[in-house]
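[1] Next comes the sequence, and after it the predicted model I'd like to discuss.
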Number of protein chains: 4
Amino acid sequence: MDDHAAILDFLSDNVSPATPEVIAAVVQANDANAVPYGEDTWTAALQTVMAAAFDRECVTYPVTTGKTANALSLLSIAEPGALIFCHEYGHILYNELGGPAMYTGAELVGLPGEHGKIAPETFRAAIARYGTVPRGSVLNLTNATEAGTVYTPDEIARLTAIARGAGMTVHMDGARIANAIAHLGCHPADVTWRAGVDVLSFGATKNGGMGAEAIVCFDPAAAARLKEGRKRGGHVPSKMRFLSAQLLAYLADGAWLRRAAHANAMAAALVADLRDIPGVAIPVPVESNHVFLAVPQATREALVDAGYQFHLYERHGAGVIRLVTHWATTDDQIARFVATVRDAMLARTVAG
Amino acid sequence: MDDHAAILDFLSDNVSPATPEVIAAVVQANDANAVPYGEDTWTAALQTVMAAAFDRECVTYPVTTGKTANALSLLSIAEPGALIFCHEYGHILYNELGGPAMYTGAELVGLPGEHGKIAPETFRAAIARYGTVPRGSVLNLTNATEAGTVYTPDEIARLTAIARGAGMTVHMDGARIANAIAHLGCHPADVTWRAGVDVLSFGATKNGGMGAEAIVCFDPAAAARLKEGRKRGGHVPSKMRFLSAQLLAYLADGAWLRRAAHANAMAAALVADLRDIPGVAIPVPVESNHVFLAVPQATREALVDAGYQFHLYERHGAGVIRLVTHWATTDDQIARFVATVRDAMLARTVAG
Amino acid sequence: MDDHAAILDFLSDNVSPATPEVIAAVVQANDANAVPYGEDTWTAALQTVMAAAFDRECVTYPVTTGKTANALSLLSIAEPGALIFCHEYGHILYNELGGPAMYTGAELVGLPGEHGKIAPETFRAAIARYGTVPRGSVLNLTNATEAGTVYTPDEIARLTAIARGAGMTVHMDGARIANAIAHLGCHPADVTWRAGVDVLSFGATKNGGMGAEAIVCFDPAAAARLKEGRKRGGHVPSKMRFLSAQLLAYLADGAWLRRAAHANAMAAALVADLRDIPGVAIPVPVESNHVFLAVPQATREALVDAGYQFHLYERHGAGVIRLVTHWATTDDQIARFVATVRDAMLARTVAG
Amino acid sequence: MDDHAAILDFLSDNVSPATPEVIAAVVQANDANAVPYGEDTWTAALQTVMAAAFDRECVTYPVTTGKTANALSLLSIAEPGALIFCHEYGHILYNELGGPAMYTGAELVGLPGEHGKIAPETFRAAIARYGTVPRGSVLNLTNATEAGTVYTPDEIARLTAIARGAGMTVHMDGARIANAIAHLGCHPADVTWRAGVDVLSFGATKNGGMGAEAIVCFDPAAAARLKEGRKRGGHVPSKMRFLSAQLLAYLADGAWLRRAAHANAMAAALVADLRDIPGVAIPVPVESNHVFLAVPQATREALVDAGYQFHLYERHGAGVIRLVTHWATTDDQIARFVATVRDAMLARTVAG
């Protein structure tokens, strides 16, 4: 695949490079020997910095991928034979090939829901289907969702209260938690533990890391259960300082929220410009860094001809494509993309 | 833990920083957007470079830890319910908390063997205990071994021939394969596929990577089986270019073998100096970057007082400690350590 | 629990004793020594008899429970990381606590559907949600369904054709396959392999066995994969002759279909009598041995007071209870139950 | 396979029929409807009867196979990632194809030991190899052993004390516990909980059951953990009364110990007669119902020609075969076998 011919600008936030602060921190962490397997000073400092960011004692485990963060987070609270309720397009059910079930022995139950969100009544009805849920069952919420929408603190609290009432604990897949918080303008605590979340997959890679995520355990019992599970799954990097250094730089001075706010602003700019073009539709509210775009096939073909790469997301309508902005997205990239769409739509009008 | 007060010089090769060439490559890989999940140009180039290094077509999957490389390598060739034969101190049995069994569903069988090596007759007797081994059974060899010794190509070939004769395939845990090859002075092919190895865990982290290992599948069928297993275990980093860039720099111009040769030479220097001190014993032949040292308790205490950190390895004798050199070990570090031992031993002689 | 005070007549078909022919066969199988682990003459004969019953070569493995039959059937055709589509109330998803996922490593996807059946369009839409399904994915159908309804051969063929078109194989949970066939009046082949089923969980326990089910593999590759999986899960009884003897007696002279026809007829009689009572509703069509009954709470309480045990099935409506008939259900039991309901409903009318 | 031509007399105790008392109990348990899934009166009675037999409160779960009893017993006390120490020929390691690892996520460690027994020093050394064993590790002992030898209460207590000292719990595989107790002439409590056993696989099938074993949890926490694990593995037969009825008849009036004493006496008679024949060797002490016999190849061939089936057990010496007696073994069967051996040995002497 020729990365240079293809235009990756809106393919995914995973295409983005790491931020300068993250790269600098990695280089700086390389100056001397360090104790391996997380007993280093960076990982120790990360405990304090994460606790400060969330205004609460917690245990933070750096890991290398979001799937790992999810699988291990679930392992820390779910019991074998229990149920894990999630959105039917939730990453843990839709994208992880049975990994969470392998790690936990629990069964995943997918729930429908508009724009990537689970409605309280849907969750309540799902629990009712089972009468009582097995001990060690879990509610999994993604924020920002796979549709780019954002649960508010109140929406989360309503769902976690139902979970709690049924004896369940709560995991939040926060692969894009920074985008959610930047959108809401709230305190990080407000959408997590204050709203009833026990364990958080804290994403950093998509928003400017090289490859670093964290499991943030607000519940100490969950943290204790991870000691062995992490090792068993092969998820304790020996030179963990390089992960912790990334996360420290990511968190320092609120960089993570500024970087996410930029990505969100770029998505807002993109959608504002696209909406003006006659014949274009935006089927999902834009609340973070995702824009879903409905254009005619000829326009999609014009984008491909121009070199653009993107994914179809037909769950949001026939021919709908996904556009993702990130910390390094530029005004120029937006202008160029919008121009390509506009030209294609005009050509179509003229032709028609 | 105060990393700066403690002396980590010989604690493990995992304490080492990354080499300048690896850091430079990571920084350089950060210049632009790139296709995620291994579809990038770095990962494509790595296929060619690894094949050249081993003089054979192969499929290379970058992963983040050695445990992951081992578990997935085994998943690529072992069947559920089969047997995986390994040394009783083999990393997959002794250090991975059941991970390989979780990924594969196979049963591990530990074999005794002097200095970390399995003798052909021991392996043959173990197979005979079972009569026939189940379909999909595997022989696992570590090279360099957990005792720092090195299997020669002939020794490997003898063991893999027995495995082949019993219908088994062969995995090599090469967390320190560079140290083994540097010691032998042979071609990388000679200790791997030419000697009967089907899948290799190719280590880079300990020998100068930041956090990058590779699964090298000489058998295309093994490679095919990993497509889903990797994803399921959470082992497909989105920004894989940063792993592949490390591995490319590691392999370029034989850097990996030069770095390993330095580590081996440092171990040789260390043991040469230590052997001169009366009362000191070296219970295991030094063939790579491990030195096992038997000194009286008072000397061990003197090392601790001086700030040294090390692990006891009593499998090699009461009170025996492990010393590990690496690519960044210096003559000064050796001199300082040897002096500390010498002083402690002399003090003891005088006192005695 | 005092079994004698409680009235178990309609609690479940699992309450039933074994048929006289099954008990006689077990006693007869006890006359001498026999080769263990399925190498006996009963298990050999069963191969022929089952093949004759289904008019097709197949491999039959006797097991002791329906959950085991399902888990192993799925193990024989599903791959780790694949998807298993089933009804959201399918036994494998709703009642087995993650067992099928543990055995297979696959992910279960529950589909809604009226009266326990999956509609073709629902199945097609579910596949479309995934674009392509992973290699080794499976469609699981239950016949008779958990709602007591029965898929016709045509309905099954339509669903299996969709599965086949997406590269999937098909497992039928036939815990009550005899009831389904008795209702349809078709040949056993018509609802199984001729309609596209690869592997069948063939139930016998509920319909007059002591504790014997069979996995019937119409696909020889599936049978081969079970050789090791069965042993690993602990599902190869040493004195297997006692299972095979039960199954032989169950199949002999069409006993299984006659016994099921009786159970179905009893359910038809029950529902015919209940329907006459004003205020009573039957929310699900009665096609096998299940009757779902909607009566006011006072009537349910009258049943409890009379000693009846039953389960609430509120998925079919608030306060709906399940009644199950079986091979040993009698006219008297029906008359007594109907009388209890009628009296309670009349008392209510009078009171009201 | 023609069971009638072959002589199965000493092939295995699994060839034996069920005892008349077990068959009678099964027939009797069939008289009426009963609550399914272990909520029946037979299973309730079994709790009391088993507690009386072992003179201690315990929870008893009937299951259908010995592998199942072992896997679930281990699941009740072992943690994922922990170690399970057992004899290298222990059934859980040597015969169960990774089942215990699948159910528990723990790693099995096989220990050598003469005549099927683990020596305390071997166990101590194995623990020392690990330094500390992970939380939730287990010692597994088989009694009578796979070599037919019997651990005394003192021997067990010595091993369990080591286990306890290392923070481990203890499982006993008692597939032939009746033979062990009959040999020792002790109280059942003496070789189990009084000697430090937490969970017992209580075998009945080999000693006269149709197909019934029990998991006896002396530790209530272990019992609680099995509630879900049993269901998940498919090990909760719906008509459990037929298992419990077998076990009740088996235990009634000490039948189990009388039946085992007969089997042991038959083995003693067999070995007494065989020992008199010149050229015959018995390489393992005969303490229960196993006799290992070393005879020349010509004699083994003579046995095969006479129709005898048996297994080679070369772990006890080249050409050694295993003979197993059981509750139904007769004097005539012994006389016939001994005569066949004697004739073959004499023919050899004459020929030689």
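    Yep, it's here.

[2] Pretty sure residue A:8 sits against residue B:39.
    No. Between residue A:8 and residue B:39 there is no contact under CB atoms under 8 Å: 10.3 Å. Placement of C-beta: from N, CA and C, glycine included.

[3] quick one, what contacts the nearest residue to residue A:105 once chain neighbours are set aside?
    Nearest residue to residue A:105, sequence neighbours excluded (CB to CB, 6 or more residues apart in numbering or on different chains): residue A:80, at 3.1 Å. Applying CB atoms under 8 Å, 6 or more residues apart in numbering or on different chains to residue A:80 gives the contacts A:104-106, A:136, C:97-98, C:102, D:228-229, D:232.

[4] Can you give me the distance of residue A:204 to residue A:246?
    Residue A:204 sits at a distance of 7 Å from residue A:246 (criterion: CB to CB, to the nearest Å).

[5] Quick check: neighbours shared by the two?
    Counting by CB under 8 Å, 6+ apart, the residues touching both residue A:204 and residue A:246 are residue A:212.

[6] So which residues on the stretch 101-250 of chain A come close to chain D?
    With CB under 8 Å from any CB of the partner chain as the criterion, the stretch 101-250 of chain A meets chain D at residues A:105, A:134-135, A:228-229, A:231-232.

[7] my read: residue A:31 touches residue B:20, true?
    No. Applying CB under 8 Å as the test, residue A:31 and residue B:20 come out as separate, 11.6 Å apart.

[8] More neighbours: the two, which one.
    residue B:20 (11 against 8; other CB atoms under 10 Å in any protein chain shown).

[9] Would you mind measuring from the more buried one to chain D?
    37 Å (CB to the nearest CB, to the nearest Å).

[10] For that residue, give its distance to residue D:147.
    Counting by CB to CB - residue B:20 and residue D:147 are separated by 61 Å.

[11] does residue A:173 sit in a helix or strand, and which one?
    Assigned by DSSP states H and E, residue A:173 belongs to strand A:169-174.

[12] how far does the helix or strand just after that strand sit from the chain's center?
    Per DSSP H and E, the first helix or strand lying C-terminal to strand A:169-174 is helix A:177-184. In terms of CA atoms, centre = their mean, to the nearest Å, the centre of helix A:177-184 is found 10 Å from the chain centre.

[13] Check which helices and strands helix A:177-184 sits against.
    Counting contacts by 3 or more CB pairs under 8 Å, 6 or more residues apart in numbering or on different chains; DSSP states H and E, helix A:177-184 is packed against strand A:199-203, helix A:255-275.

[14] strands paired with the shortest one, and their directions?
    The reference is to strand A:199-203. strand A:169-174 (parallel), strand A:213-217 (antiparallel) (DSSP bridges).

[15] Mean confidence (pLDDT) on it, please.
    Here strand A:199-203 scores 98 as its mean pLDDT.

[16] Tell me if the helix or strand harbouring residue A:108 is near chain C.
    Element membership for residue A:108, per DSSP H and E: strand A:107-111. Yes. Residues of strand A:107-111 are located near chain C by CB under 8 Å from any CB, namely A:107-110.

[17] Who are the packing partners of that strand?
    By 3+ CB pairs under 8 Å, 6+ apart, strand A:107-111 packs against strand A:83-87, helix A:91-94, helix A:99-104, helix A:120-130, strand C:107-111.

[18] looking at these, which is buried most?
    helix A:99-104 (a mean of 28; mean count of other CB atoms under 10 Å in any protein chain shown).

[19] elements contacting that helix?
    By 3+ CB pairs under 8 Å, 6+ apart, helix A:99-104 packs against helix A:66-77, helix A:91-94, strand A:107-111, helix B:220-232.

[20] mind listing what the closest residue to chain C within the stretch 151-300 of chain A touches?
    Residue of the stretch 151-300 of chain A nearest chain C, by CB to the nearest CB: residue A:233 (14.4 Å). Contact analysis of residue A:233 by CB under 8 Å, 6+ apart lists A:68, A:71-72, A:103, B:67, B:99, B:102, B:233-234.

[21] Put together TSV for these, with pLDDT on each row.
    Output for these, formatted as TSV (pLDDT from 0 to 100):
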residue	pLDDT
A:68	93
A:71	93
A:72	94
A:103	86
B:67	94
B:99	85
B:102	84
B:233	78
B:234	81
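
[22] Go through those residues and say which is closest to chain D.
    residue B:102 (5.9 Å).

[23] out of residue A:8 and residue B:39, which sits in the busier spot?
    residue A:8 (21 against 13).

[24] Which residues are in contact with the closest residue to chain B within the stretch 151-300 of chain A?
    Nearest residue of the stretch 151-300 of chain A to chain B (CB to the nearest CB) works out as residue A:234 at 3.5 Å. Counting by CB under 8 Å, 6+ apart, residue A:234 makes contact with B:65-68, B:70-71, B:96, B:99, B:233, B:235.

[25] Now list the buried members of these.
    B:65-68, B:70-71, B:96, B:99, B:233, B:235 (16 or more other CB atoms under 10 Å in any protein chain shown).

[26] would you list those residues in a markdown table and tack on distance to residue C:25?
    Shown next, in a markdown table, are these (distance: CB to CB, whole Å):
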| residue | distance to residue C:25 |
| --- | --- |
| B:65 | 57 |
| B:66 | 57 |
| B:67 | 53 |
| B:68 | 53 |
| B:70 | 51 |
| B:71 | 48 |
| B:96 | 49 |
| B:99 | 47 |
| B:233 | 48 |
| B:235 | 52 |
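
[27] does chain C sit close to stretch A:306-320?
    Yes. Against chain C, stretch A:306-320 shows contacts by CB under 8 Å from any CB at A:314-315.

[28] Tell me how far that stretch lies from the chain's centre.
    The answer for stretch A:306-320 is 20 Å, by CA atoms, centre = their mean.

[29] How about the backbone phi and psi for residue A:324?
    phi -130, psi 130 (degrees, to the nearest 10).

[30] contacting residues around it?
    Contacts of residue A:324 (CB under 8 Å, 6+ apart): A:10-13, A:267, A:289-291.

[31] before we move on, the earlier item: of the strands paired with strand A:199-203, which is nearest residue C:310?
    Nearest to residue C:310, of all the strands paired with strand A:199-203, is strand A:169-174, at 33.2 Å by CB to CB.

[32] Any buried residues in that closest one, and which?
    Of all the residues in strand A:169-174, those buried under the rule 16+ other CB under 10 Å are A:169-174.

[33] Looking at those residues, which is nearest residue B:194?
    residue A:173 (45.8 Å).

[34] give me every residue that touches the residue nearest to the closest one when sequence neighbours are not counted.
    Take residue A:173 and drop its neighbours on the chain: the residue closest to it by CB to CB, 6+ apart is residue A:142, 4.2 Å away. Listed by CB under 8 Å, 6+ apart, the contact partners of residue A:142 are A:86-87, A:90-91, A:116, A:172-175.

[35] CSV for those residues, including pLDDT?
    Formatted as CSV, these follow (pLDDT from 0 to 100):
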residue, pLDDT
A:86, 97
A:87, 97
A:90, 95
A:91, 95
A:116, 97
A:172, 98
A:173, 98
A:174, 98
A:175, 98
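
[36] Tell me the one of the residues you listed nearest residue D:303?
    Out of the contacts of residue A:142, the member with the shortest distance to residue D:303 (by CB to CB) is residue A:86, at 62.4 Å.

[37] Report the contact partners of the residue nearest to residue A:179 when sequence neighbours are not counted.
    Excluding its sequence neighbours, the residue lying closest to residue A:179 (CB to CB, 6+ apart) is residue A:288, at 3.9 Å. Contact partners of residue A:288, counting by CB under 8 Å, 6+ apart, are A:144, A:148-150, A:176, A:179-180, A:182-183, A:260, A:263-264, A:267.
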